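[1] just the structure for this:
(2 chains)
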Number of protein chains: 2
Amino acid sequence: MQSFAAAGSRRVPAKPVIAVVGATGAVGIEILGCLEKRRFPHSSIRALASARSAGKQLSFGDKPLAVTELTESSFDGVDLAFFSAGGSISRKYAPIAVSRGAVVVDNSSAFRMQSDVPLVVPEINPEMLARHPGIIANPNCAAIISITPLWPIHKLNPIRRLIVSTYQAASGAGAAAMEELRESTRAALEDKPYQQKVLPHPYAFNLFSHNTKVDPATGYNEEESKVIAEARKIFGEPDLMVSATCVRVPVLRAHCVSLTFECERPITPDEVRTILSTAPGVQIVDDIERNYFPMPKDATGADDILVGRIRKDLSDVTGKSISLFCAGDQLLKGAALNAVQIAELLL
Amino acid sequence: MQSFAAAGSRRVPAKPVIAVVGATGAVGIEILGCLEKRRFPHSSIRALASARSAGKQLSFGDKPLAVTELTESSFDGVDLAFFSAGGSISRKYAPIAVSRGAVVVDNSSAFRMQSDVPLVVPEINPEMLARHPGIIANPNCAAIISITPLWPIHKLNPIRRLIVSTYQAASGAGAAAMEELRESTRAALEDKPYQQKVLPHPYAFNLFSHNTKVDPATGYNEEESKVIAEARKIFGEPDLMVSATCVRVPVLRAHCVSLTFECERPITPDEVRTILSTAPGVQIVDDIERNYFPMPKDATGADDILVGRIRKDLSDVTGKSISLFCAGDQLLKGAALNAVQIAELLL
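    Residues are numbered from 1 along each chain as shown, chains lettered A, B, ... in the order given. Prediction:
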C-alpha cells in the first residue's frame, strides 16, 4: 500500500494547470469534453498519451490541443491530473504527479480500495474529499450507475441486500472495443468472417459474461467484485450484502442495470418514486402508458442516470424489496463526468 | 373459459396427419425443422398460413412443401396441429381443429393459464399430458429457459424465491423483428435514418424493457407476468415467489437469463453443478479459466439450455441462495423444440 503523506490534503488552486492522461482514449476525450462544457476553470490543459498518440491533434472547445507524450516530467507545474489510461499507467505515474505537486483524480482501479484513498461519487460521499493523500479514485462505472440512485433511498431506509444484473456497453472496454462492435457487426451483416482482437468473444448480435478474470474461489469476475467492494466503500457500509452478475451486451456506450434491493423496513414503489424525484444526478423515466423506460440510446450523452421500472419485487414476502432498472452513460457519469465533478469539489 | 370436454384426453395416432399453423413464421419454420430433424413419424404435413403467405414454397427435408391458406376446413383429417400464429388465431382456430379431431399443441399464450389445459415442459411435468382437453399449451420462451434448469434442483431442495433478469432476443417478436434488428443496425452503421416498424423503440445497439403492455397496478409487463404465472403452473407451486425483469437486447435468436434463487435449505454451487450435470435438456458451460460461459451465439441452434456462472449469491446470508446464467435458443427449446417434444410424448 502506497502512502502519499507528503501531499497532505492538498487543494487545487482556483485556475489550475490541468493534465489529462490518456487524453486520446474514450474516457480521456469525454473528460476534455466535460471540462469544456462545464467551463471548468483552468490556466492551461495538457493532453498526455502514449508515444504512439503523441503529435495527434485534439480540440478543446474551438481550439486545437496537441497531444504530447506522457513522461515523468509531464507533471511539472501541473495542479490537477485526470488519469484514464489503465491501472499500470496510474500505478507508475500517479505517484509521480502527486510528488510534483498535483492532485490526481484516477479513473483506474489501481488505488480504489486503498484505505486512505477516497472513492467518491459526489452525490453520495463528497465529505470523503476532506482528507486525501493526493489521489482520489473515481469508481467503477457499473458501480456508479447502480448505486447513485440507491443512495437517497439508503439514507432514509437502509438497504441491506442488493442484487445487480448488468447490461454493459462496449465503451467500458475502451474505444477499440466500440470499434470492434461496429466492425464485427458490419461483417456479420455482410456474412463475412471477423476475427475479434479486443474482446474475447464474438460481439456482433451476441452477449457474454464480463471479460474480466473470474476468481475460481468465488466464481465472481473482477468487474462483479469491484461493484460489490466499491458499493460497500462508497456507502461506508462494509457489511452491505451485494451480489452482481456483469454481462457485456452489444450496445455502444451506455450501461444498464437491473436492480433488486431489500431495505431495513417496508418500502413502496411510490415512496421510491418520491425520493428519487428530487435526487441529484438521477432522472425518473418510468412511463407505463407509453412503455417508455430507461434505454442506452437516451442515456447516451446524458449527465443523469435514468431510473424506471420502479415496482415491488414480487419475489419478496416482507414488503421491503423493490426492483428497478437504470441506464447511465458509461463514459459520462460512469467515468469522465464523475471525475470532473470530483475535481469541481476540490477547487 | 372454453371447454373441450368432447376431446377427452385424445391421443395422437402413430403416423399422424400434421398441420403447422403459422408455418412461414420464425417458430413455424423451426417446427418443420424439428419434425424433420427428429424424424417425427407422420403420414403427411400441411403448412398453413395467412392468405398473404399462401402459395409460398417451404421445404421439408429435401421435399418442397406448399403453403396453403388457413381456413376452417384446413383441419379436416388432421390428427396433430401445431399453432404458432399468435393468440387470436389460436383462440379462433384451435377449438375448430379440436372439434375436427386434432390434438393441438399451441405456442401462443391463449390457453396457457386455462386450468384444464396442461402447460408442459417435457423435462419438468410430462405427467400433465395424461389429461388434456385436446389442447396442450407450450410455455413462454423466457419461462422455459429460466425454469428448465431449476427443476432438478427444485425437486431435491425446493426453490422458495426466484429473481429473473432476462436478455431477450429479437426472435421472440418474430421474423420481422429479427429483420428490423438487422436493417436498423445496418442503417446505424451507415449513419442513415431508420424508422422502426415492428418494435416500439430503436433497436440498433440499444436495448429496452420488454415491449408488452405494462400493468399499471403492478408495474410488471405481460412478459414478466407470464414468466411468473407459468413458472408457478409448470412447477405446480402456486405460491412460488418469483420476480422478473424482461429486457429486449440486440441479439437475434437466443435468450439469456440471469437467475438468483433461494432454496428451502442451504445449497452449494458444487451441489448445483452435480445436479445439473445429469439433468435432461441442460448443458453446463462454466469454464472459469477460459472465461467461457453461456452465450447466445452458442445457444443458437442448440437443443439444450446452456447453464454457467454457477456460484453462491453473495447477497445472501443464509447459504440457501445461488446465482447462475443461462442461454437458450428462443426458437428451439423456447418454442418449436419444446412443442415437438410435447407431441412426441403424445404419440
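[2] now residue A:228. Nearest residue, chain neighbours left out?
    residue A:242 (4.5 Å; C-beta to C-beta, 6 or more residues apart in numbering or on different chains). Just so you know, the C-beta spots here come from the backbone N, C-alpha and C atoms, and that holds for glycine as well.
[3] now do the contacts for the residue of the stretch 101-250 of chain A found nearest chain B.
    Of the stretch 101-250 of chain A, the residue with the smallest distance to chain B, taken as C-beta to the nearest C-beta, is residue A:219 at 3.0 Å. The contact partners of residue A:219, taken as C-beta atoms under 8 Å, 6 or more residues apart in numbering or on different chains, are B:269, B:288, B:309, B:310, B:311, B:312.
[4] please identify which pair of these lies farthest apart.
    Of all pairs drawn from the contacts of residue A:219, the one with the largest separation by C-beta to C-beta is B:288 and B:312; the distance is 13.9 Å.
[5] okay, the helix or strand hosting residue A:228 in CSV with CA atoms only?
    Counting by DSSP states H and E, the element that carries residue A:228 is helix A:222-235. Provided in CSV are the C-alpha atoms of helix A:222-235 (Å, rounded to 0.1, in the frame of the first residue of the first chain):
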residue,chain,number,x,y,z
GLU,A,222,-13.3,-8.8,-11.3
GLU,A,223,-16.0,-6.4,-12.5
GLU,A,224,-18.5,-8.0,-10.2
SER,A,225,-16.1,-7.9,-7.3
LYS,A,226,-15.5,-4.2,-8.0
VAL,A,227,-19.2,-3.5,-7.9
ILE,A,228,-19.5,-5.3,-4.6
ALA,A,229,-16.4,-3.9,-2.9
GLU,A,230,-16.9,-0.3,-4.2
ALA,A,231,-20.6,-0.2,-3.3
ARG,A,232,-19.6,-1.0,0.3
LYS,A,233,-16.7,1.5,0.4
ILE,A,234,-18.7,4.4,-1.2
PHE,A,235,-21.8,3.8,1.0
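[6] tell me the helices and strands packed up against that helix.
    When contacts are defined as 3 or more C-beta pairs under 8 Å, 6 or more residues apart in numbering or on different chains; DSSP states H and E, helix A:222-235 packs onto helix A:141-147, strand A:159-167, strand A:241-245.
[7] show residues contacting the last one.
    Under the contact criterion C-beta under 8 Å, 6+ apart, strand A:241-245 has outside partners A:142, A:146, A:160-166, A:209, A:220, A:223-224, A:227-228, A:231-232, B:165, B:258, B:260, B:309, B:313-317, B:323, B:325.
[8] for stretch A:272-285, same thing?
    With C-beta under 8 Å, 6+ apart as the test, stretch A:272-285 has contacts from A:122-123, A:148-149, A:151-153, A:156, A:286, A:292-294, A:298, A:302-308, A:310, A:322, A:324, A:327, A:333.
[9] just stretch A:221-235 next, same as before
    Contact with stretch A:221-235 is made by A:109, A:112-113, A:119-121, A:124-125, A:139-140, A:142-143, A:146-147, A:151, A:154, A:159, A:162, A:164, A:166, A:168, A:209-210, A:212-215, A:218, A:220, A:238-240, A:242-246, B:291, B:314, as judged by C-beta under 8 Å, 6+ apart.
[10] burial measure for the closest residue in space to residue A:318 that isn't next to it in sequence, as a count.
    Closest residue in space to residue A:318, ignoring its immediate chain neighbours: residue A:266 at 7.0 Å, by C-beta to C-beta, 6+ apart. Applying other C-beta atoms under 10 Å in any protein chain shown, we find 12 residues neighbouring residue A:266.
[11] buried stuff in the helix or strand hosting residue A:65?
    Counting by DSSP H and E, the element that carries residue A:65 is strand A:63-69. Within strand A:63-69, the residues that count as buried by 16 or more other C-beta atoms under 10 Å in any protein chain shown are A:65, A:67, A:68.
[12] so what's the gap between the helix or strand following it and the chain middle?
    The C-terminal neighbour of strand A:63-69 among helices and strands, as given by DSSP H and E, is strand A:80-83. Taking C-alpha atoms, centre = their mean, to the nearest Å, one finds strand A:80-83 lying 15 Å from the centre of the chain it belongs to.
[13] and the contacts of strand A:241-245, which are buried?
    Buried members of the contacts of strand A:241-245, counted by 16+ other C-beta under 10 Å: A:142, A:146, A:160-166, A:209, A:220, A:223-224, A:227-228, A:231-232, B:165, B:258, B:260, B:309, B:313-316, B:323, B:325.
[14] now the helices for the stretch 201-347 of chain A?
    In the stretch 201-347 of chain A, the helices defined using DSSP state H, counting those that start in this stretch lie at A:222-235, A:269-277, A:296-299, A:337-346.
[15] export the last one to CSV, keeping only CA atoms.
    Output in CSV follows, covering the C-alpha atoms of helix A:337-346 (Å, rounded to 0.1, in the frame of the first residue of the first chain):
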residue,chain,number,x,y,z
LEU,A,337,-18.3,13.3,-15.7
ASN,A,338,-17.9,11.8,-12.2
ALA,A,339,-14.2,12.6,-12.3
VAL,A,340,-14.8,16.2,-13.3
GLN,A,341,-17.5,16.6,-10.7
ILE,A,342,-14.9,15.3,-8.1
ALA,A,343,-12.4,17.9,-9.4
GLU,A,344,-15.1,20.7,-9.1
LEU,A,345,-15.4,19.8,-5.4
LEU,A,346,-11.6,20.0,-5.0
